[in-house]
Each structure stands twice: as C-alpha cells, then as structure tokens.
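# coordinates only, sequence not included:
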C-alpha cells in the first residue's frame, strides 16, 4: 500500500533537493523533524496497524496486545463486556481475570446493576477447551472484575480460551487471553498510562505541558530511587508518538508494554483500563505497585525516622512501604494500600527537569471541586488488592501517612492558568508557589546524567526537544480508532469523576 506524503514531508524534500542542487546540503542542517510536531499518523498507516499485535511497532518486551472489548449476551438486556483477560499464576493464585468495561460514577448504572443482579442469582461457570476443567466464576471483592480459576500446570502457556456456560451447561460465550509470561519477580513496580493531550475545557491549564519531556525525567527519577520495573501502556492511534521514549527502557529490560488495539476517547476511561489491567499483570510478580502516580508527580520521603539508622536510602521507593508498615506496627498481610498527599510545585523551564523547580505552595494541594484537600494518591499491596481505583483500592484497608513521612511533589500549573512551552518560554510566573523547597535538587544532576547515558544526547537539548513534542489529541486518536464494534463513551457523558484527580 502506498502511503501519501504529507505536505510537511513534501516541503522538506523540496528544500533538501534545492540544497543538493546548490551543493550545500552537507554544510546545512535542515530542520525537518516532524516528531517535534503532532504525532498523528495517516489513516492509511493506522488502518494497516489495526489488529496488529503492538500496533504499528513491536518489541520483544511486549507482553500483551489486547483486542477491542468483547460483549456477550447472558440474557435479554443483560450483557457482559470484557476489555482484557489477564492470566496469573503463583502464590497470589492461579486464575484468569476478566476485566469489565469501566462504569463511572456519573454514568447510567442500569446495565451494570442488571449484570450484578444476574450474576448473584445465577451460577456461571468457566471452562477450558473441551471443558477441560469447570469452575464457578468468581466476583472480585468489590464486584468489579471476574475470576476464572485455572490449572496451575498451564502457567507457562501463552494462549488461553475461556468458555462461559450456565449451570445447565448452556454455552454463553467465549473470551481469549494471550500474553507473554513474565519471568522475573520485583519489589516495587509502576503502571505508566498513555501520554495524552487533555482538551477538556473544564481542565484549563491542567493538560500536561511537554508530556514526553515529563515522562523521560519521571522514569529516570523513579528507577534511580527504587522502581524495579514499569508497565507501559499504549492505545491504538497513539503508539507511534511514544516509541522513541519507551524503546530504550524496554531494550534495557526496565519495562514491559501492554497495547490496547482500540482507543476509548475519554481520558478517565483509559486510566481505568490501565489501572485494572496493570494490577493483574503485577500479580505474582511484585510486592508493591504504583497504580496511578502521574508523570508530574514525584514521591518524596520527608522523614528518615521510619528507616533503620534514621536515613532515607537512595532506593526508598523499593523499601519505604515495608518500613512504613513496620513503623506503624501494622501487619503487611492486612494492609492493602498506603495513602499520601501532594504539594503543588511550580513547573520547571522546558530545558530543565521539573524537579529543578524549588517553589511550591505553602499548604497541601487543594481539590478542584470544593475539597479542602485534593484526594490522595497511593501504593497498593499487590498480594491483597483486587479492585483499584484512581485514589485507592475499593473495599481495602489502608495506612495514611502524614507529610512528616512522605508527600508527592506535584509539578503543574496553578488552577485556571494555561501556560504552554514555546521558544520564548523562560520561567513560569507562579505567584501561588511561595515556599522554597530544595529537597529534590540533589537528584537533578543524577537524573540528567542518567538521561544522557540512556539516550546518548545532551539532556538539556533532549528535554527541550521533547517539550515541544505532542501526542495526538484525544479527539483525533478516537477518530483513528473509530469502528462500529468499538466500545467508547461520549465525551459529554462524564462529569465529576475525573474532576477529583487534581
């Protein structure tokens, strides 16, 4: 198939041809880096990538490529829609999790309530091919996801067929699960959601400014301070933009990728896709998980008293969670999450790390919707958590820690202020950030050097270039992914739920 040449490429080619004819092509650096512009591939390219594992590019570090959500009818007006099926085997259990399409607080719950009522009244069984085994389908504790217990001897398999039937043996539907089993075990891992441009007018000033720049520095900081592994997530229509950033970490064994072969057009829906899928990828492979820490949020230990010797270790993101549990004289087997709050910091200039900014607000970050304080972020105990949400796991026991132990530095614009990076950008005028806080400054040089080693490029140049790079807008990506079989939610159908995540 022939892919049309864009006007940008045509102009660049014409300019290069002129330079060659003048004999000065070798002495002239022609700036035709379309990667610094919006990363929108042509419809033809996206159609070619549709349904391909990993989308438009693949990596040995890819562990799953997930097809569009599948819906089966259990009875009239009762449907079950599954976005992902995740096999997991080990001490946390041997089962396949059927992850349901998220239903947000602001949406109509009629269909979800009908499904729950049906499953409470009727026994549904799951089986393997040729009914190789037959077990009762189980709810997760908060009745969000479904579990199908599976024979432990199939732990090394890469493909599974899950059949559902009623108590009488009548076939109800079938789901498939394909994955590349992880072999390593980790202490602390992190979910890395898709990078997006938020065009919701209600979120004035809150869209990530230079999101790929933020991703690189966030990854290096977190790896340096103890995150053992990252689970990268990409969605159809946007994966090209992330390839340059993700590939070095995947090549170095620091990250695995999960790709969704469609694109829900709503930010918070995709976030729930990632949170729910990621927890079950971590099951049997990690102890602690950062499910929803964004690329503008940095966990910062403020007190060393919880550690042996009273000193914060460099790898505190690996060791802090067990230390917090011990310090509070709690039992790890009873604590599902550890919650903490955030300070809002001024953003750093585009050629520098955000953590180079030393100015923050005087009090803990306020919420958008009348909350005195923004809702907390958290880490979860992978062994005990089952129903994660943006600000905690549902039906979970938790420890709350104060700002004398740890906080998250949240580098973002003030509410109601939109400032985008540009050629003339020098410093963010942030009148609300009045307290000087240099706690993360010692990490600046270390993170810059790590970036230099990883990308073989001057970090200031790289960060400035990435600060100008953008993924497709949510609207464009959703159009690229549009399909009659796609399960999407209208932009106007959401209100309130994502407003709390400030």
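Looks like it came in fine. Computed from a predicted model, the values in this text were never measured in an experiment.

# mind listing the helices for the stretch 351-500 of the chain?
444-455, 459-467, 474-480 (DSSP state H, counting those that start in this stretch).

# For residue 178, which of those helices is the nearest?
Among the helices of the stretch 351-500 of the chain, the nearest to residue 178 by Cβ to Cβ is helix 474-480 (23.3 Å). C-beta coordinates here come from the backbone N, C-alpha and C atoms, glycine included.

# tell me what that closest one is packed against?
Of the remaining helices and strands, none touches helix 474-480 by 3 or more Cβ pairs under 8 Å, 6 or more residues apart in numbering; DSSP states H and E.

# and it, which residues are buried?
474, 476, 477, 478, 479, 480 (16 or more other Cβ atoms under 10 Å).

# Could you do stretch 126-142 as well?
126, 127, 128, 137, 140.

# for stretch 333-341, same thing?
If you call a residue buried by 16+ other Cβ under 10 Å, then stretch 333-341 has these buried ones: 335, 336, 337, 338, 339, 340, 341.

# Same list (those) but as TSV, adding secondary structure and pLDDT.
As requested, the buried residues of stretch 333-341 are exported to TSV (DSSP: H, G, I helix; E, B strand; the rest coil; pLDDT from 0 to 100):
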residue	secondary structure	pLDDT
335	coil	95
336	coil	95
337	strand	97
338	strand	97
339	strand	97
340	strand	96
341	coil	95
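
# Closest one to residue 239 out of those residues, please.
Out of those, the member with the shortest distance to residue 239 (by Cβ to Cβ) is residue 337, at 30.6 Å.

# Which residue is the nearest non-sequential neighbour of that closest one?
residue 398 (4.2 Å; Cβ to Cβ, 6 or more residues apart in numbering).

# confidence score at the one you found?
With respect to pLDDT, residue 398 has a value of 93.

# Residue 369 now?
Taking residue 369 on its own, its pLDDT is 57.

# cool, the one 5 residues further on as well?
Residue 374 is assigned 87 on the pLDDT scale.

# how deep is the closest residue in space to residue 477 that isn't next to it in sequence tucked in, by neighbour count?
The shortest distance from residue 477 to any non-neighbouring residue, by Cβ to Cβ, 6+ apart, is to residue 237 (4.1 Å). Residue 237 has 30 neighbours, counted by other Cβ atoms under 10 Å.

# which one of the helices of the stretch 351-500 of the chain lies closest to residue 162?
helix 474-480 (28.8 Å).

# before we move on, the earlier item: okay if I get the buried residues of stretch 333-341 as TSV plus distance to residue 217?
As requested, those are exported to TSV (distance: Cβ to Cβ, whole Å):
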residue	distance to residue 217
335	31
336	30
337	26
338	24
339	25
340	21
341	22
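
# Of the residues you listed, just say which sits nearest to residue 446.
residue 340 (23.1 Å).

# who does the closest one bridge with?
With DSSP bridges as the criterion, residue 340 is bridged to residue 377.

# Can you give me the distance of it to residue 57?
36 Å (Cβ to Cβ, to the nearest Å).

# Residue 146 now?
32 Å.

# One more: residue 402?
Distance of residue 402 to residue 57, computed by Cβ to Cβ: 44 Å.

# Give me the more crowded residue out of these two.
residue 57 (17 against 11).

# Work out for me the element the residue lying closest to residue 242 once chain neighbours are set aside sits within.
The shortest distance from residue 242 to any non-neighbouring residue, by Cβ to Cβ, 6+ apart, is to residue 234 (5.6 Å). Using DSSP states H and E, residue 234 falls within strand 229-235.
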